[in-house]
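[1] Provide a 3D model corresponding to the input given below.
(chains A, B, C and D)
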There are 4 protein chains.
Amino acid sequence: MVQTEFQIRVRYGETDRMGYVYYGNYAQYFEVARVEALREMGVSYREMEEQGVHLPVYTYSVKFLKPAFYDDLLTIRTQIRKLEGTRIYFEFETYNGNGDKINTAEVVLVFFDPKSGRPCSPPEKFAQLILKYS
Amino acid sequence: MVQTEFQIRVRYGETDRMGYVYYGNYAQYFEVARVEALREMGVSYREMEEQGVHLPVYTYSVKFLKPAFYDDLLTIRTQIRKLEGTRIYFEFETYNGNGDKINTAEVVLVFFDPKSGRPCSPPEKFAQLILKYS
Amino acid sequence: MVQTEFQIRVRYGETDRMGYVYYGNYAQYFEVARVEALREMGVSYREMEEQGVHLPVYTYSVKFLKPAFYDDLLTIRTQIRKLEGTRIYFEFETYNGNGDKINTAEVVLVFFDPKSGRPCSPPEKFAQLILKYS
Amino acid sequence: MVQTEFQIRVRYGETDRMGYVYYGNYAQYFEVARVEALREMGVSYREMEEQGVHLPVYTYSVKFLKPAFYDDLLTIRTQIRKLEGTRIYFEFETYNGNGDKINTAEVVLVFFDPKSGRPCSPPEKFAQLILKYS
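    All right, here's what the predicted structure looks like:
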């Protein structure tokens, strides 16, 4: 399936008093990583949302192997593992500047129609792009 | 004018690697403090917004005298200094557990009508409450 | 095992443009909830850390059932499920003001000695308190 | 004096339910902008801190002219206005993709020696670089 790489530099405000990136901040890194993965495939998440399809997170899990530190330039490998019904499955691996894998994560999002208040099918164009990259 | 006190405990994720509360996080503390100040006066900021009046920040300035640390229980004194035209002026003083003043801040917000895309008068009920507490 | 309840009010800055609490912000809620759970048992997380035992997160997973909104007063039920070797297992359930369960989460943390750079046993006092509440 | 430009893309989690970038999040943008300004001059903020000089914020003020939105690619112009005694003065202007100036800000930071607990002179190498770029 689709796999992309994205680099992100740790901001000062994202560290905590242990000197590590606070565990809660990775959620934002993975959000940026998946938006950039979609952009590379030609999908603008912003446009999709403005056309009336939301993509809230259903489940998120992360396993921390090593900490990240201030000013580290992290590489996040993003993989769209599958598109199934109204759900899309993302997997992430984060690497530090030494090439060490520092964490792995999985996020499942749901295509959601805010008008009906219910899950919905992914937009046609989106589904075709995913298929094309599979 | 109206003056209220609000207590807030520093979260782990709000500290940075210096061990201090990250300077950017105080904006959120002052937001909570002003919402609670309004609540004490009988105004629900959420309701006001749902009735179609937004209150975005126009200017914000803060002066740091001492740092705050993880788990500190801070006291924020909030004062509504004035309501003038389409603007409302808040002043804040933050104290740590020893009673030391650790920072002061000022926020000016604008009553804003998202439909017209322009500043607007404060809701009648709101203006009367401010007057009453003056 | 130990079970506690903690209430937390959603801050404006914690919402996103969908109007929901951003999925990444729950990590901070659960951090506060577990620190307050420990405090209720007589353990100060801050003190423990200042005595040289860190408690970084090893795994974190969350399942979202419903969104939370600005100004919601959420109730988080925290349970210490077990203390095993160098790890401690927390479970969380979040409820909104209507009593709806809006998400569930699990966090596993590791007792860690920053001097040796290795996992370590929990402090004696801490282990005894957990035992006492079991 | 030194002036640099830095681009930053708005993350989903940085927006609030008005659909704007939350006012508190700009502090982090300006932090990144000043770190990158220093990097361009050949100064690593991380290294400076690891050599024992901290640079906490003394004052911060910001004036919002227009909101920024999700996925906007913002340009921040950073200027080191002066280095005076133990203080350094930064000025920022933020522009959106249409070239509109959306806010201006000023941050004053203090060179600080955590060992003595007092303000200190900037590191020699740092002061010379600032002079060189002036």
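
[2] Show me the beta-bridge partners of the closest residue to residue A:70 other than its chain neighbours.
    Using Cβ to Cβ, 6 or more residues apart in numbering or on different chains and skipping the chain neighbours, the partner closest in space to residue A:70 is residue A:15 (4.9 Å). The way it works is simple: take the backbone N, C-alpha and C, and place the C-beta from them, glycine included. Counting by DSSP bridges, residue A:15 is bridged to residue A:21.

[3] Would you confirm that residue A:15 contacts residue A:21?
    Yes - applying Cβ atoms under 8 Å as the test, residue A:15 and residue A:21 come out as touching, 5.9 Å apart.

[4] Touching both of these two, which residues are there?
    Both residue A:15 and residue A:21 are in contact with residue A:69, where contact means Cβ atoms under 8 Å, 6 or more residues apart in numbering or on different chains.

[5] Strands along chain A, start to end?
    Along chain A, the segments classed as strands by DSSP state E run A:3-9, A:57-64, A:73-84, A:87-95, A:101-110, A:112-113, A:118-119.

[6] among the ones you listed, which is nearest residue C:39?
    Nearest to residue C:39 among those is strand A:57-64 (24.3 Å), distances taken as Cβ to Cβ.

[7] now that closest one, how far from the chain's geometric center?
    10 Å (Cα atoms, centre = their mean, to the nearest Å).

[8] Any regions of chain A where pLDDT drops low?
    A:1, A:134 (pLDDT under 70).

[9] Could you list the contact residues of chain A toward chain B?
    Counting by Cβ under 8 Å from any Cβ of the partner chain, chain A comes close to chain B at A:12-13, A:15-19, A:22-25, A:69-70.

[10] Can you turn the buried part of the residues you listed into a PyMOL selection?
    Buried members of the residues of chain A next to chain B, identified by 16 or more other Cβ atoms under 10 Å in any protein chain shown, are gathered into one PyMOL selection as follows:
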select buried, chain A and resi 12+13+15+16+17+18+22+23+24+25+69+70
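
[11] For residue A:64, give the beta-bridge partners.
    Where residue A:64 sits in a bridge, its partners, by DSSP bridges, are residue A:103.

[12] That one and residue A:81, how far apart?
    Here residue A:64 is placed at a distance of 20 Å from residue A:81 (Cβ to Cβ, to the nearest Å).

[13] So for the two, which sits in the more crowded spot?
    Under the criterion of other Cβ atoms under 10 Å in any protein chain shown, the comparison of residue A:64 against residue A:81 puts residue A:64 first, with 22 against 14.

[14] Next, the contact list for the more buried one, please.
    A:23, A:102-103, C:56-59.

[15] Of those residues, which pair is most distant in space?
    Farthest pair in those, by Cβ to Cβ: A:102 and C:59, 13.6 Å.

[16] ok, back up a step: and which of the residues of chain A next to chain B is nearest to residue D:98?
    residue A:13 (27.5 Å).

[17] contacting residues for the closest one?
    B:16, B:22-25, D:27-28, D:31.

[18] Name the nearest of those relative to chain C.
    residue B:25 (9.3 Å; Cβ to the nearest Cβ).

[19] Was I right to think that closest one contacts residue B:8?
    No - under the criterion of Cβ under 8 Å, residue B:25 is not in contact with residue B:8, lying 10.4 Å apart.

[20] gap between the nearest residue to residue A:55 once chain neighbours are set aside and chain D?
    Nearest residue to residue A:55, sequence neighbours excluded (Cβ to Cβ, 6+ apart): residue A:109, at 4.7 Å. For residue A:109, the distance to chain D (Cβ to the nearest Cβ, to the nearest Å) stands at 12 Å.

[21] Equivalent analysis for residue A:121, please.
    From residue A:121 to chain D the distance is 22 Å (Cβ to the nearest Cβ).

[22] buried ones in stretch A:98-108?
    A:102-103, A:105-108.

[23] scratch that, stretch A:65-75 is what I was asking about
    A:67-72, A:74-75.

[24] Neighbours of residue A:128, how many?
    Residue A:128, neighbours per other Cβ under 10 Å, totals 11.

[25] Quick check: closest non-adjacent residue to the most centrally placed residue in chain A.
    The centroid of chain A falls nearest to residue A:34 when counting by Cα atoms, centre = their mean (3.2 Å). By the measure of Cβ to Cβ, 6+ apart, the closest residue to residue A:34 outside its immediate chain neighbours is residue A:90, 5.2 Å from it.

[26] could the contacts of residue A:64 go into TSV alongside distance to residue D:85?
    Formatted as TSV, the contacts of residue A:64 follow (distance: Cβ to Cβ, whole Å):
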residue	distance to residue D:85
A:23	39
A:102	40
A:103	43
C:56	39
C:57	42
C:58	46
C:59	48
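
[27] which one of those is nearest chain D?
    Checking the contacts of residue A:64 against chain D by Cβ to the nearest Cβ gives residue A:23 as the nearest, at 14.7 Å.

[28] distance of that closest one from residue A:67?
    9 Å.

[29] again with residue A:95
    The value you get for residue A:95 to residue A:67, if Cβ to Cβ is used, is 13 Å.

[30] same deal with residue A:113?
    Distance from residue A:113 to residue A:67, counting by Cβ to Cβ: 39 Å.

[31] Also residue A:56?
    For residue A:56 relative to residue A:67 (Cβ to Cβ), the value is 29 Å.

[32] Leaving out chain neighbours, which residue sits closest to residue A:81?
    residue A:89 (4.3 Å).

[33] Report the contact partners of that neighbour.
    Going by Cβ under 8 Å, 6+ apart, residue A:89 touches A:80-83, A:106-108.

[34] Show me which pair in those residues is furthest apart.
    A:83 and A:106 (14.6 Å).

[35] Bridged to the closest residue to residue A:114 other than its chain neighbours, which residues?
    Nearest non-adjacent residue to residue A:114, counting by Cβ to Cβ, 6+ apart: residue A:54, 5.5 Å away. Beta-bridge pairing for residue A:54 (DSSP bridges): residue A:112.
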